[in-house]
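Q: Mind looking at a prediction? Sequence and model below.
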Amino acid sequence: MQKIDYKKELKHLYKPSAKKAEIIEVPAMNFLMIDGKGDPNTAPAFAEAIEALYAVSYTLKFQVKKGSIGIDYGVMPLEALWWTEDMATFSEEDKDAWSWTVMIMQPELITGAMVEEAIAQVREKKNPVALPLVRFEEFAEGTAAQILHVGPFSEEGPTIARLHVFIEESGYRREGKHHEIYLSDIRRAAPQKWKTIVRQPVS
């Protein structure tokens, strides 16, 4: 059976340096997505969205592994886009005003029909609350700056500031939504070891 590590194959997107920011080109990729609003620490919808995305993602993984395709791959990490209507007012102090899209990248071999089948299977077995909100969509981010943050989410501020300075000094300007990719299992790893990619689209 063929095994594929998509994080390794897409190393330039999923293994950035913590020491220095970089400009990258992010190709169009397919994701399972759910939209929501509110403080991720307190809004039940955020946890419900994550539960549904992982349930469908793991169902797809086992479909591919056990079916005629016969490929074993690791489910990709959780990602989130964060924004407010006016990004100039986007603040850590007012998370209730945040809108978000949580998402998990899917390999090219995953089709819309496979997603529909996986959703039907999840509905039969677990039927998580947010399952009806799951959509399968292409997302093309284009040119972006990114850096790795190591530590708790509450200490991301200086890392984000470094990224913004790098963007300005590189002759770019920020555009679009703040993007984070969560590489660590926060249920198992100590907060000081959490790894989060901080990404910002630029033009």
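A: Nice, thanks for sending it over.
Q: Could you tell me the phi and psi values at the residue located most distally from the centre of the chain?
A: No residue in the chain sits farther from the centre than S68, which is 28.3 Å out by CA atoms, centre = their mean. The phi/psi pair for S68 (degrees, to the nearest 10) reads phi -70, psi -20.
Q: just the one 4 residues further on next, same as before
A: The phi/psi pair for D72 (degrees, to the nearest 10) reads phi -110, psi 120.
Q: Pretty sure it sits against D5.
A: No - D72 lies out of contact with D5 (CB atoms under 8 Å); the separation is 9.9 Å. Placement of C-beta: from N, CA and C, glycine included.
Q: And the two? Which one has more around it.
A: D72 (15 against 12; other CB atoms under 10 Å).
Q: Return the set of residues that bridge with the more buried one.
A: When bridges are called by DSSP bridges, D72 pairs up with K3.
Q: ok, it to V150 distance?
A: 29 Å (CB to CB, to the nearest Å).
Q: Now do the contacts for the closest residue in space to K37 that isn't next to it in sequence.
A: Leaving aside its chain neighbours, K37 sits nearest to S99 (4.8 Å; criterion: CB to CB, 6 or more residues apart in numbering). By CB atoms under 8 Å, 6 or more residues apart in numbering, the contact set of S99 is D35, G36, K37, W82, W83, T84, E85.
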